[in-house]
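Trainee: can you look at this prediction? I've put the sequence above it.
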Number of protein chains: 2
Amino acid sequence: MSKTIQNDILLKVLNNETVSRPPVWMMRQAGRYLPEFMAIREKYDFFTRCRTPELAAEITVQPVDIIGVDAAILFSDILVVPQAMNIPFVMKENQGPWLDAPIRTQKDVEEVIVPNVHETLKYVLDAIHLTNEKLAGRVPLIGFAGSPWTILCYTVEGKGSKNFDIAKGFCFTNPDLAHTLLQKITDTTIAYLKAQVEAGVDVVQVFDSWGGMLSFDDYMIFSWPYIKQIVDELSTITKVIVFAKGCWFALHEMAKSPVSALGIDWTCPPHVARELTDNKVVLQGNFDPARLLSPIEEIQVEVEKMIQAFSGQNYIANLGHGILPNIPVSHAKAFVDAVKNYRY
Amino acid sequence: MSKTIQNDILLKVLNNETVSRPPVWMMRQAGRYLPEFMAIREKYDFFTRCRTPELAAEITVQPVDIIGVDAAILFSDILVVPQAMNIPFVMKENQGPWLDAPIRTQKDVEEVIVPNVHETLKYVLDAIHLTNEKLAGRVPLIGFAGSPWTILCYTVEGKGSKNFDIAKGFCFTNPDLAHTLLQKITDTTIAYLKAQVEAGVDVVQVFDSWGGMLSFDDYMIFSWPYIKQIVDELSTITKVIVFAKGCWFALHEMAKSPVSALGIDWTCPPHVARELTDNKVVLQGNFDPARLLSPIEEIQVEVEKMIQAFSGQNYIANLGHGILPNIPVSHAKAFVDAVKNYRY
C-alpha cells in the first residue's frame, strides 16, 4: 500500500509523531444513531448489509461524511469469522446472534474448520476495496476482528448472555477442547486480518468484548495468549489496537506486547490506565457512551476533562464502548468537534 | 441483642480478632443449586417465598444445615424496598423483575413514597425473628439491602438490563430528579436496615450490583454518596459490608468510610484489592462462581491460592458474585470445606 491519506492524524499518533490535537473516532460510529444508516437498515437485514460490499462500503463512509471522524472503521461483524468456520450464526430480530446448535462437544469442535479466508470472506475484502474507493484517501480505514475468547463465548453459548456462564463452564470443564477451538479461531483470525491488510486497511483493531467476564488468571489462560498471537503476527505488517472491555486488570500485561494502542473502557480512569501501562503505549477511549445523552455543553466540558486526564499526545479520543442507538446526531457531532477543537 | 453465637468466626473477623482460618459463606447460598430450595420453589412463587416468614426462614437456614457455611443470609430480595415505596415490581417468569410503569418523570418520582418500614416490610422483620429461632445461635444472620443506585437502575429501567442505559440516560439528563429519587431510596433503606438490626440480624450487607456500569466520576455522583449515608448511619449500630460488583475503581474511596468489610468480585485480583484499600479493611470474596464447575480437586487448589493471595486474617472467604444454579451441591460443599480446612 502506498496510498496517500489526507487526514492521517490517527496514523501519526500510532507512529508516535507529534500532533496538535487528539485524533477521534467512535466505536460503532456506523450505527443506528444515524438516520442514513437506518434508511439502509430498513431495506436490508443485518448479514445482507455485511455481505454486500456496496452496502458495507456506503455504511462505513457515512460517519466520515456526516460526523467528520478522523478514521473509518469497516462495517462488518465479528461473527463473520465463525460463520466462515462452518458455525452458522444468524441474527434474530430483537434477540441478537443465534446459533441453533452451539459448539459444546468434542465432535462439534472437530467439525469446526479453519477456512480459506480469501474465499469465504471475500465479500469483506471486496468491501474494503470499495470503501477505499469511496474514501479516496480522506481518512485511514480500520479493519477489525473479535478476540478468540469473545468468539468462543458466542460459539459455545449460542447467543448473547449477561455472564457467558455456559461458555465459561465449557472452558473450566473441558480446557483441552476449549484450547483446540481457541486455536482454530486464532488461526482463522490471523489469516483474516492479514487479508484485510492486503486488501487495504491501514490499522486493525481486535475487540475482546467479553474478556471482562474472566478473572486475571483465567484471562491469561483463555484470552490473552490468543490475542497475543494475533498481535505478534499482525504487528509486523500493520498497526494493531486491542480493545478489551472490562479488562483493566490485564492492561499491564498487554502493554508489554507489540500492540500499537490499547482501548480503555469508561470504568477505568485515564490516570489509572496510564499507570497500569507504564505510560508506554498509545491509549484510546474512554467516554461513557451514555454520557453522550448529557446536554451538549456538558459533553464539551467532559471531553476536555477526558483529554487532559489522559495527559499526553499518545492518545486517541474515542468512546469507552459503542455509541448507543438513541444518541442524537448533534450530540455525537459535538463529541467529535470538541476533540477536533482541542489544542495541546 | 445479647444472644450468644456458637460459631462466631465471621463476627470475630469483622471485629479484627485473631482466627485460625477464614470464615466462609456464599452469596446467593440459599439458592437454586440446592434441591431443598427447588422443592419449595416449585410450590411457591418468588415474592410469596419472600413474604411468607416461615418459607423465608426455612430457605435461609438450608445452606447452614446442608453446606455448613459460617453465616446465614436472610432469604429476600433487594426489590422489596421499591415495592414498599409504591413501585409495584413483579417477577416475570424467565424474564426477572418487571415494572409496568417505570419511574421516569417528575410526577413518577414525586409519587414514590418513603414508607413506614415497620408496617410495609413487617414480613421481613418477622422472617428475621423466625430465622433466629431456627438458627438457635448456631451462626450469625446477615441482613441486606440493595444500594440506592442499583434500586434506581431497576426502577427507571423497569427491568433487568445489560447496561442500564435508560437508567443512566435518566440520570444524565435529569440529575435533580435522579437525586430526589436516590435520596428517597436511601432514607427508606436506612430505616429498613435499622429495623433489620433491631429485629436481630448481626451484620448487614449492601449490594451495589450495577455500580460497575458507571465511570468513577459518575459513581461518586450517583452511587457512593448514598451508600456512604447508609454506612455512616448503620455502622454506629452494627457491622456493615459493602459489595459493589465491578467497582474496583472506587475501592480506595470506600475504604475511607466506616465500613467493616468490602466485597470483591473475581475480576479484581486479591493483591490489587489489598493495595487499593491500603490493607486497612476486611475484604470478602472473590472466587469466580463459574469456577465452581471445575473438578473438586481443582476447586480445592484454587481456594487455597485465593486465601493466600488475600494474605491476612482480615479476610472472609466468599464467591465473587452469587452462586450459579447449575453448580453441583458437592462442589459448593467442597468450596466451603476447603476454606474450613485451611489453617493460617
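Mentor: Looks like it came in fine.
Trainee: hey, let's count contacts and neighbours off CA atoms from now on
Mentor: Will do.
Trainee: chain B contacts on the stretch 51-200 of chain A?
Mentor: A:162, A:165, A:168-169, A:172-173 (Cα under 8 Å from any Cα of the partner chain).
Trainee: filter these down to the buried ones and hand me the PyMOL line.
Mentor: Of those, the buried ones go into a single PyMOL selection, burial set by 16 or more other Cα atoms under 10 Å in any protein chain shown:
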select buried, chain A and resi 165+168+169+172
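Trainee: so which of the residues of the stretch 51-200 of chain A next to chain B belong to helices?
Mentor: Counting by DSSP state H, those place A:165, A:168-169, A:172-173 in helices.
Trainee: ok, which stretches of the stretch 101-250 of chain A are strands?
Mentor: A:141-146, A:203-208, A:239-244 (DSSP state E, counting those that start in this stretch).
Trainee: as a markdown table, the ones you listed with mean pLDDT would be great.
Mentor: Below are those laid out as a markdown table (pLDDT from 0 to 100):
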| stretch | mean pLDDT |
| --- | --- |
| strand A:141-146 | 98 |
| strand A:203-208 | 98 |
| strand A:239-244 | 98 |
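Trainee: need those in CSV with mean neighbour count and distance to residue A:278, can you?
Mentor: Formatted as CSV, the strands of the stretch 101-250 of chain A follow (neighbours: other Cα atoms under 10 Å in any protein chain shown; distance: least, Cα to Cα, whole Å):
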stretch, mean neighbour count, distance to residue A:278
strand A:141-146, 24, 26
strand A:203-208, 24, 21
strand A:239-244, 25, 17
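Trainee: any chance of those in JSON lines, plus distance to residue A:78?
Mentor: What follows is those, written out as JSON lines (distance: least, Cα to Cα, whole Å):
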{"stretch": "strand A:141-146", "distance to residue A:78": "5"}
{"stretch": "strand A:203-208", "distance to residue A:78": "8"}
{"stretch": "strand A:239-244", "distance to residue A:78": "13"}
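Trainee: for chain B, give me its nearest residue in the stretch 101-250 of chain A.
Mentor: residue A:215 (4.5 Å; Cα to the nearest Cα).
Trainee: leaving out sequence neighbours, find the closest residue to that residue.
Mentor: residue B:267 (4.5 Å; Cα to Cα, 6 or more residues apart in numbering or on different chains).
Trainee: pretty sure residue A:188 contacts residue A:118?
Mentor: No - look at residue A:188 against residue A:118 with Cα atoms under 8 Å: they stay out of range, at 10.8 Å.
Trainee: hey, what's residue A:206 bridged with?
Mentor: For residue A:206, the beta-bridge partners are residue A:145, residue A:242 (DSSP bridges).
Trainee: residue A:202: what's it in contact with?
Mentor: Going by Cα atoms under 8 Å, 6 or more residues apart in numbering or on different chains, residue A:202 touches A:140-143, A:238-239.
Trainee: same check, this time on residue A:151
Mentor: A:78-79, A:82, A:185.
Trainee: from those, pick the one nearest residue B:261.
Mentor: The closest of the contacts of residue A:151 to residue B:261 turns out to be residue A:78 (Cα to Cα; 41.0 Å).
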